[in-house]
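A.B. asks: The sequence and its predicted three-dimensional model are supplied below.
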Amino acid sequence: MSEKFYVTTPIYYVNDRPHIGHAYTTVLGDVLARSHRSFSEPTFFLTGTDEHGQKVQQAAEKRGVDPLTHCDETVVRFQELWQKLGITNDYFIRTTQENHKKIVAKIMQDLYDRDEIYKADYTGWYCVGCERFFTEKDLVDGKCPDCGRDVNAITESNYFFRMSKYQQWLIDYIQTHPDFILPAFRANETLGFLKKPLADLCISRPKSRLSWGIELPFDPDYVCYVWFDALINYISGVGYGSDDEKFNAWWPASCHLIGKDILTTHSVYWPTMLKAIGLPMPKTIFAHGWWLTGNSKMSKSLGNVVNPMDMIERAGVDAFRYFLLAEMSPGNDANFSEDAFIARYNSDLANDLGNLLSRVSKLTIRATGGEIPAPGELNADDKELADAVVSAIEIMEASLNTYKLDQGINAALNAVRAGNRYLEKCAPWTLAKNGDTARLNTVLHNAADALCRVAVLLAPVMPGKMAELLAVLGADKANISGIADLKNLSSVAGFTMQETAPLFPRIIVEEPAAEKAPAPKAEKKAKAEKTPAKTDAVPENVVVTIDEFFKTQLKTAKVLSAEKVEGADKLLKLSIEVGSETRQLVAGVAQFYTPAEIVGKTIVIVANLKPAKIRGIESQGMLLAAKNGDTLKLVTIDGDMPSGISIG
Ligand code: MSP
């Protein structure tokens, strides 16, 4: 960790409706800020909105309101979403604020006085959508190289920033500062761009064409180009020109988080502007990839945006934050689909993390009434679990410096999975049955200890849920607010475990209505004739790899109770024990087994099957059976075996 951490997000166009692309950058910034604060590192997190420019002016005109009123009304969408998402920004900057406008004007005047800005005629191609001018050679098939839309030729007098004179300096700077633009391939992309001669940057717009902007202090017929205005937020937001003490405390920024779409503005325009102003460079500009739906970038103009509010409704704020960060490896693009969201939620959070917590809490309360026992002598299994946790802590800490938080999260989840495997291997339920209290205490302690440390690692990502988890472990009173404190936590022995409802209730996917509704008789028959029997559906010669096979988790389960499903003569509703967990399963075996015959059997189930509703009843898994014509026999275990044991 360093002396201070100052992180920024891009300032979002106030006109837009926030979507998961915006949410991603902001949550990433928030997790970094929370993590650095947890190391007691002075931290400043800045986000905000970009409120000038043609699009805002046009939208306001369309609504018949003045642009500032339009901004005041639309900025709320971002502010409310950030509040909902638990974003802990230290300041929210709006480029229409008086202080920001004053600083932009001051910088422009200073640069003009020092001949860094000059006036000249300019002919260019303008893209209204992107609010950018392009030269003839920038265009792709005569269209905007960024969005592919039509561009208009415009000749006018304008003011220019002498960006070209910094070209060689910038190349040298990038080459000698490997952390300046990350990931490294983005630095190469910028260097590639800098192979062509760099033009000066047009930083004004005549008011006759655009009035909604910051007026040039040396020519009232012009306003400032929106990007030149917007980039300055990173310094005006921390007191540049207004509060020297504050500014000196935070600048240079530790990290500007951006999407890859705004790499050039941040890695070429901004550094050269800073150089001309006379300020040091930010330490890192980190460009993440895009969220795609299908194969296209999510954007308002393409109409394929995912509204974060819908996802939050579905699974809660923390699960949404988790998904965004776990799913995207930040250098690359990621694809958003609701199925992927639900699959990850159910497997990582409901199955792995939620189950580990409920198992540990149930077993401990059953064994000791709640107090986490002190561990005894440690063996190789204990060591393996402890190693997985130590490695998760190391990887998480490293990922804070590389900005690849998905790696830290993945390591934390690996430790959770190691915890579940540990329980299965050590079988504390059997130790309890056999009265082996010494070993039982060790196992319960170590599983709770692993959970506690993982919860602290994941707390910046899921602050609410991890606080709940730590409270269930009785660790909330232990003053552990981050990785740094974990190093001083010798043991969780003595904490008092609470009972808990599932921390991440499974998301049940309703079968599509068409599949649920009984088909008309004739159609049903036709379907029955066409559809091969289930056992014939996979051709005999399909070969699966061992890895493919092991994606299916087969486990032993004990049938605790069974009843017929009303109105469905083929179905039994079973309550089954899978280790320390109780599940409900609906099976089409009622014509072959009575409830009394099936209760008490140790059967084999597919434990990680996506839950489904059958006749409106949730089924959490599938049992295995062999069917031959009119006969069906359950797959059972040959001999005595506890439930919850993995088969493979
Ligand atoms: N206003 C400018 C930024 C000025 S910063 C000085 C802008 N705004 S924006 O609202 O269009 O987009 C800002 C950022 O939102 C992107 O760079 C990126 O960080 C994020 N995203 C917007 N769409 C995105 C995706 N589909 N996927 C991931 N992030 C993207 O550009």
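C.D. replies: Everything's here; your move.
A.B. asks: Just to be sure, Phe45 is in a strand?
C.D. replies: Yes - counting by DSSP: H, G, I helix; E, B strand; the rest coil, one finds Phe45 located in a strand.
A.B. asks: Could you look up the SS state of Tyr159?
C.D. replies: Tyr159 falls in the strand class when you classify it by three-state DSSP.
A.B. asks: Tell me what it is bridged to.
C.D. replies: Lys119 (DSSP bridges).
A.B. asks: From Met273, how far out is it?
C.D. replies: The spacing between Tyr159 and Met273, counted by Cβ to Cβ, to the nearest Å, is 14 Å. All C-beta atoms are positioned from the backbone trio N, CA, C, and that covers glycine.
A.B. asks: Tyr12 now?
C.D. replies: With distances taken as Cβ to Cβ, Tyr12 is found 20 Å from Met273.
A.B. asks: Of the two, which one has the most company?
C.D. replies: More crowded of Tyr12 and Met273, by other Cβ atoms under 10 Å: Met273, with 23 against 20.
A.B. asks: That one contacts Arg162, correct?
C.D. replies: No - with contacts defined as Cβ atoms under 8 Å, Met273 does not count as touching Arg162, sitting 10.7 Å away.
A.B. asks: Show me what the one helix or strand Gly48 maps to packs onto, helices and strands only.
C.D. replies: Assignment of secondary structure by DSSP states H and E places Gly48 within strand 43-50. For strand 43-50, the packing partners by 3 or more Cβ pairs under 8 Å, 6 or more residues apart in numbering; DSSP states H and E come out as strand 5-8, strand 12-13, helix 20-38, helix 67-84, strand 91-94, helix 233-236.
A.B. asks: Show me what Val7 is bridged to.
C.D. replies: In this structure, Val7 bridges to Phe45, Cys255 when assessed by DSSP bridges.
A.B. asks: Gly237 versus that one, what's the distance?
C.D. replies: Counting by Cβ to Cβ, the gap from Val7 to Gly237 is 12 Å.
A.B. asks: Ok, Glu61 next?
C.D. replies: According to Cβ to Cβ, Glu61 and Gly237 sit 29 Å apart.
A.B. asks: Show me which of these two is the more surrounded one.
C.D. replies: Shown here are Glu61 and Gly237; by other Cβ under 10 Å, Gly237 has more neighbours (30 against 13).
A.B. asks: Stretch 90-104 and the ligand in contact?
C.D. replies: No - contact between stretch 90-104 and the ligand is absent, the nearest approach being 8.9 Å (criterion: Cβ under 6 Å from any ligand atom).
A.B. asks: can you pull the buried residues of that stretch?
C.D. replies: Residues of stretch 90-104 classed as buried: Phe92, Ile93, Arg94, Thr95, Thr96, Gln97, His100, Lys101, Ile103, Val104 (neighbour count, 16 or more other Cβ atoms under 10 Å).
A.B. asks: need the strands for the stretch 501-648 of the chain, in chain order.
C.D. replies: Counting by DSSP state E, counting those that start in this stretch, the stretch 501-648 of the chain has these strands, from start to end: 554-564, 572-578, 581-587, 602-606, 612-614, 617-619, 622-623, 625-628, 631-634, 646-647.
A.B. asks: Low-confidence stretches in the stretch 151-300 of the chain?
C.D. replies: For the stretch 151-300 of the chain, the stretches with pLDDT under 70 are 295, 298-300.
A.B. asks: Lys275: how many residues sit nearby?
C.D. replies: The burial count for Lys275: 18, using other Cβ under 10 Å.
A.B. asks: thinking again about what came up before, so which of the helices and strands packed on strand 43-50 is nearest Leu46?
C.D. replies: Proximity to Leu46, assessed across those by Cβ to Cβ, is greatest for strand 5-8 (4.6 Å).
A.B. asks: and the closest one, what other elements does it pack with?
C.D. replies: Based on contacts counted as 3+ Cβ pairs under 8 Å, 6+ apart, the elements that strand 5-8 packs against are helix 20-38, strand 43-50, strand 255-259.
A.B. asks: Switch the buried residues of stretch 90-104 over to TSV; also include pLDDT.
C.D. replies: As requested, the buried residues of stretch 90-104 are exported to TSV (pLDDT from 0 to 100):
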residue	pLDDT
Phe92	98
Ile93	98
Arg94	98
Thr95	98
Thr96	98
Gln97	98
His100	98
Lys101	98
Ile103	98
Val104	98
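A.B. asks: Just put those in a markdown table and tack on distance to Ile20.
C.D. replies: Written out in a markdown table, the entries for the buried residues of stretch 90-104 read as follows (distance: Cβ to Cβ, whole Å):
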| residue | distance to Ile20 |
| --- | --- |
| Phe92 | 20 |
| Ile93 | 22 |
| Arg94 | 22 |
| Thr95 | 24 |
| Thr96 | 26 |
| Gln97 | 27 |
| His100 | 27 |
| Lys101 | 31 |
| Ile103 | 32 |
| Val104 | 30 |
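A.B. asks: check which helix or strand covers the residue of the stretch 451-600 of the chain found nearest the ligand.
C.D. replies: Using Cβ to the nearest ligand atom, Val461 is the residue of the stretch 451-600 of the chain that sits closest to the ligand, at 17.7 Å. According to DSSP H and E, Val461 maps onto no helix or strand at all.
A.B. asks: contacting residues for the nearest residue to Leu349 once chain neighbours are set aside?
C.D. replies: Nearest-residue entry for Leu349: Phe504, 3.9 Å, with adjacent residues in sequence omitted and distances by Cβ to Cβ, 6 or more residues apart in numbering. With contacts defined as Cβ atoms under 8 Å, 6 or more residues apart in numbering, Phe504 is in contact with Ala319, Tyr345, Leu349, Ala350, Leu353, Gly354, Lys465.
A.B. asks: go on, Tyr225?
C.D. replies: In this structure, Tyr225 makes contact with Leu201, Cys202, Ile203, Ser204, Arg205, Gly213, judged by Cβ under 8 Å, 6+ apart.
A.B. asks: cool, and Ser164?
C.D. replies: Taking Cβ under 8 Å, 6+ apart, one finds Pro197, Leu198, Ala199, Asp200 in contact with Ser164.
A.B. asks: coming back round to it: please flag which of the contacts of Phe504 sit within helices.
C.D. replies: Taking DSSP state H as the definition of helices, these contribute Ala319, Lys465.
A.B. asks: about what we covered before: and the pLDDT for the residue of the stretch 451-600 of the chain closest to the ligand?
C.D. replies: At Val461, the predicted lDDT confidence score is 98.
A.B. asks: my read: it touches Val31, true?
C.D. replies: Yes - contact between Val461 and Val31 holds when scored by Cβ under 8 Å: they sit 5.4 Å apart.
A.B. asks: Which residue does the stretch 1-150 of the chain have closest to the ligand?
C.D. replies: In the stretch 1-150 of the chain, the residue found nearest to the ligand is Gly21; the distance is 2.3 Å by Cβ to the nearest ligand atom.
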